[in-house]
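Student: Any chance you can model this:
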Amino acid sequence: MARPTKYSKAMQQAADDYVNGGHEACGDVVPSVAGLACELGVTRSTMYEWQKHHCQFSDTLGRLESVQERMSLSGGLTGKLNSTIVKLLLANHGYTERVSQDHKSSDGSMTPPTVVQIVSPDDNRKG
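Tutor: Residues are numbered from 1 along each chain as shown. Here you go, the predicted structure:
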C-alpha cells in the first residue's frame, strides 16, 4: 500500500513562490531542484513523481529550469557568478564547450610533410 502524497495546493503554491523569486529568501543564488526539494521537505524523486502526475507541478519544474538557465547565463556574462559553476549549470541545459584543434603548428615545423614521388620515365611506360 502506497503512502498518501504530500502534494497539495499549499505545496504547489510554495513551489511556485520558490521559482518566482522565493529562492533568494532561502539563500539560493539561483533556483534549483535540490533547493526546491529542501524547501518543500521532500526528496527529488518525490518531486519527479509529482511531475508525472500533476501538470501544474510539471510546469513549475519546467519554469525552474528556464529561470535557472537565464540566471546562470546572465550571472556568467556579468561575472556575478563563478564561471566554473556556471559552466556546470549550463551543461545541464545542453550548453557545451567546443574546442577545435588545428593540427599544424604556426611555424610549420609540425606540418605533415608533402609526399613527393619520383617516377622514372620507364615506370610511366609500363603503366
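Student: Nearest the middle, which residue of the chain would you pick?
Tutor: residue 92 (2.0 Å; CA atoms, centre = their mean).
Student: Enumerate every residue touching the residue lying closest to residue 19 once chain neighbours are set aside.
Tutor: Taking CB to CB, 6 or more residues apart in numbering, and ignoring the residues beside it in sequence, residue 19 has residue 64 as its nearest neighbour in space, at 4.8 Å. C-beta coordinates here come from the backbone N, C-alpha and C atoms, glycine included. By CB atoms under 8 Å, 6 or more residues apart in numbering, the contact list for residue 64 reads 18, 19, 31, 32, 33, 36.
Student: With just CA atoms, put the biggest helix by length in the chain into PDB.
Tutor: In the chain, with assignment by DSSP state H, the single longest helix is helix 55-78. Coordinates of each C-alpha in helix 55-78 appear next as PDB, following Å, rounded to 0.1, in the frame of the first residue of the first chain:
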ATOM      1  CA  CYS A  55       0.600  19.100 -14.700                       C
ATOM      2  CA  GLN A  56       0.900  22.200 -12.700                       C
ATOM      3  CA  PHE A  57       3.900  20.900 -10.800                       C
ATOM      4  CA  SER A  58       5.400  19.700 -14.100                       C
ATOM      5  CA  ASP A  59       5.100  23.300 -15.400                       C
ATOM      6  CA  THR A  60       6.700  24.600 -12.200                       C
ATOM      7  CA  LEU A  61       9.700  22.400 -12.700                       C
ATOM      8  CA  GLY A  62      10.000  23.500 -16.300                       C
ATOM      9  CA  ARG A  63       9.900  27.100 -15.200                       C
ATOM     10  CA  LEU A  64      12.500  26.400 -12.600                       C
ATOM     11  CA  GLU A  65      14.900  25.100 -15.300                       C
ATOM     12  CA  SER A  66      14.200  28.100 -17.500                       C
ATOM     13  CA  VAL A  67      14.800  30.600 -14.700                       C
ATOM     14  CA  GLN A  68      18.000  28.700 -13.600                       C
ATOM     15  CA  GLU A  69      19.300  28.800 -17.200                       C
ATOM     16  CA  ARG A  70      18.500  32.500 -17.600                       C
ATOM     17  CA  MET A  71      20.100  33.500 -14.300                       C
ATOM     18  CA  SER A  72      23.200  31.300 -15.000                       C
ATOM     19  CA  LEU A  73      23.700  32.900 -18.400                       C
ATOM     20  CA  SER A  74      23.300  36.400 -17.000                       C
ATOM     21  CA  GLY A  75      25.400  35.800 -14.000                       C
ATOM     22  CA  GLY A  76      28.100  34.200 -16.100                       C
ATOM     23  CA  LEU A  77      28.200  37.100 -18.600                       C
ATOM     24  CA  THR A  78      28.200  39.800 -16.000                       C
END
